[in-house]
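Undergrad: let's see this in three dimensions:
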Amino acid sequence: QVQLVESGGGLVQSGGSLRLSCTVSGFGLDYNAVGWVRQAPGKERETVSCFNGLDDTTTYADSVKGRFTSSRESAGNAVYLQMNRLTPEDTGVYYCAADLAYSDCSEYDNWGQGTRVIVSS
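TA: The predicted model follows:
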């Protein structure tokens, strides 16, 4: 059974940092795509980062480049999102999502329950 469980969200002041974790089970991180997708209030879902299992690359949304870093711990089946220099625009629910069918971040077919991030000004 595929599962993704996020943790690490919370309240932080503008300019601060948070590290989100996603523990996965039921599939391996090698050759599969896992991304971080956020849902901000009143906005469409946005993929902030995604590891492409086909070419081993990680892409970032322009809005987070230089501030967010995604990493993986293959042996431990965990994915992390280090978020630095947070702004109120980063507020939202952050989901860990997997693309197991295509492995290229094109279509997520498994989702975690989400973890809420609130950045105060």
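
Undergrad: residue 28 and residue 78 touch, don't they?
TA: No. Applying C-beta atoms under 8 Å as the test, residue 28 and residue 78 come out as separate, 12.0 Å apart. In this view, the C-beta of every residue, glycine as well, is placed from N, C-alpha and C.

Undergrad: more crowded one of the two?
TA: residue 78 (16 against 11; other C-beta atoms under 10 Å).

Undergrad: residue 99 - nearest residue in space that isn't next to it in sequence?
TA: Counting by C-beta to C-beta, 6 or more residues apart in numbering, residue 33 is the residue found nearest to residue 99 once chain neighbours are left out, at 3.9 Å.

Undergrad: which helix or strand lies directly C-terminal to the helix or strand hosting residue 21?
TA: Taking DSSP states H and E as the criterion, residue 21 maps to strand 18-25. Of the helices and strands lying after strand 18-25 in sequence (DSSP H and E), the nearest is strand 33-39.

Undergrad: ok, that next one: who's next to it in the sheet?
TA: In the sheet containing strand 33-39, its partner strands are strand 46-52 (antiparallel), strand 92-99 (antiparallel), by DSSP bridges.

Undergrad: turn those strands into a markdown table, columns for mean neighbour count and mean pLDDT.
TA: Written out in a markdown table, the entries for the strands paired with strand 33-39 read as follows (neighbours: other C-beta atoms under 10 Å; pLDDT from 0 to 100):
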| stretch | mean neighbour count | mean pLDDT |
| --- | --- | --- |
| strand 46-52 | 20 | 94 |
| strand 92-99 | 24 | 97 |
